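# Below are the sequence and a predicted model for it; my questions follow.
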Amino acid sequence: MITAKGLEGVIVDDSAICKIDGNAGRLIYRGYDIYDLTSSLSFEEVAYLLWNGNLPNEAQLKEFSNQLIHQRAIPKTLTTALRNLPASSNALDVLRTSISLLGTEAPLKKPDMQDAIAISAKVPTINAAFDRIRNGHEPIDPRDDLNHASNYLYMLTGKIAEPVKADALNKYLILLADHGMNSSTFTARIVASTWSDAYSAMVAAICALKGPLHGGAPGPVLKMLQDIGRPDRAEEWIRNELKSDRRLMGFGHRVYRTTDPRAQILKQIAEKSADKDLVELAKKVEETGVRVLQEYRPQRKLYANVEFYSAVVMHSVGLSPDLFTATFAASRSVGWTANILEQATNNRLIRPQIAYTGPLDRKVVPINAR
């Protein structure tokens, strides 16, 4: 008999990386509250924290940042492969294929810190290179004088981003870096538990991220906002969607029973970086969505989730909707690799069981008698 469909509420392992308190609406990386981490830290500092367990001092941060910078460039063989892919390819599919290609040159070995740094440093470069190639432009080499977020925007546009835009993306990358045993992280840990390599585990994680129930919602959220168009149309549009039994994208979370703290922080970021009309529309849609969902599904507590305001923030920094999920992966690559390293350090093959519900004791009959 199934006791926890989808493994909901089942604890499968111990971890020192991330804690989520769904009732209190708290997210904690290595003991630090997400509000504190996004207040003034760089994505590099948080990546160091997730991989090493502590925040770096100045000397450690400088050395670590240089390691990331050194690993940003992608090989010419990969750039050639990106040129040969159809321009219509999904950006996340391209990222998955690119990590797989990089893995062909990596030995089968226990994942280590150098794998984590090399993979995470290259994800923004891959995203930016493909985006430029598909739009008829040459890829731009990474710069060694820009931080992770600023360099990503530079490689996309060829221009140094305004500080408010770079800061918005930096905070976004911190907020999405890890989130406990979510579907893609669990997938990565399953692959790592077989003693496979870091690149294979990353490819598996990216595959899990592609589904709209996990990481693919920000694009549809932006389309929803654009379809609604004006704050005064929010209620009618939302009620029509729910009456038609369609899912309201950007609302509800498997873990949080109150406001997602990441959504709260992203709303504050959007207020500084995004178009004011879009922000006001988003706020109205959020308020209306929460209220109407309470009417339709009073037994559930449904609030705006991280993907709702992620759409507004990523749009505000100039990312196209089909880069949203690939940019999510640029952030989550740090959390994935942190979990891969943790799994490899204290490993046991992940092998759950499933409750069989089919028939028993059937007899084979000759084909002419079936």
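Received it, and whenever you're ready, just let me know what you need. It should be emphasised that the depicted structure is a prediction, and the values quoted were computed from it without experimental measurement. Numbering: from 1, shown residues only.

# which residues in this protein form strands?
For the chain, the strands defined by DSSP state E occupy 18-21, 26-29, 32-33.

# residue closest to the middle of this structure?
F328 (3.4 Å; C-alpha atoms, centre = their mean).

# looking at the strands of the chain, which is buried most?
Mean neighbour count, computed with mean count of other C-beta atoms under 10 Å, is highest for strand 26-29 among the strands of the chain, reaching a mean of 20. Where C-beta positions appear, they are placed from N, C-alpha and C, glycine not excepted.

# Direction included, what does that strand pair against?
Next to strand 26-29 in the sheet, as set by DSSP bridges, lie strand 18-21 (antiparallel), strand 32-33 (antiparallel).

# what is the mean pLDDT for it?
Taken as a whole, strand 26-29 carries a mean pLDDT of 97.

# what residues does it touch?
The contact list for strand 26-29 (C-beta atoms under 8 Å, 6 or more residues apart in numbering) reads 17-21, 33-34, 37, 46, 49-50, 177-179, 261-262.

# Go again with 6 Å.
Contact with strand 26-29 is made by C18, K19, I20, I34, P261, as judged by C-beta atoms under 6 Å, 6 or more residues apart in numbering.

# related to what we said a few turns ago, which residues touch the residue nearest to the centre of the chain?
Per C-beta under 6 Å, 6+ apart, neighbours of F328: L176, G215.

# re the thing from before, let me have the contacts of strand 26-29 in TSV, extended by pLDDT and distance to T125.
What follows is those, written out as TSV (pLDDT from 0 to 100; distance: C-beta to C-beta, whole Å):
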residue	pLDDT	distance to T125
C18	97	26
K19	97	31
I20	95	30
I34	98	27
P261	95	30
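
# From those residues, pick the one nearest A204.
C18 (19.1 Å; C-beta to C-beta).

# isn't the closest one right next to M181, touching?
No - using C-beta atoms under 6 Å as the test, C18 is too far from M181 to be in contact (8.6 Å).

# per-residue pLDDT, R254?
Value listed for R254 in the pLDDT field: 82.

# Now do the phi/psi pair for it.
Backbone torsions of R254, given as degrees, to the nearest 10, read phi -60, psi -30.

# ok, for it, nearest residue in space, not its chain neighbours?
E8 (7.2 Å; C-beta to C-beta, 6 or more residues apart in numbering).

# for S196, same thing?
L108 (7.6 Å).

# Please tell me how far that neighbour sits from T337.
17 Å (C-beta to C-beta, to the nearest Å).

# just G136 next, same as before
In terms of C-beta to C-beta, G136 sits 33 Å off from T337.

# returning to what we had before: what's the neighbour count on the residue nearest to S196?
10 (other C-beta atoms under 10 Å).

# my read: it touches A198, true?
No - if you go by C-beta under 6 Å, L108 and A198 don't touch, sitting 10.4 Å apart.

# out of G136 and T337, which sits in the busier spot?
T337 (28 against 7).

# now the residue nearest to the centre of the chain: how far from A177?
To A177, F328 is 10 Å away according to C-beta to C-beta.

# Then A121?
On the measure of C-beta to C-beta, A121 and A177 end up 14 Å apart.

# before we move on, back to that, and the strands paired with strand 26-29 as TSV, adding distance to S244?
Formatted as TSV, the strands paired with strand 26-29 follow (distance: least, C-beta to C-beta, whole Å):
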stretch	distance to S244
strand 18-21	32
strand 32-33	40
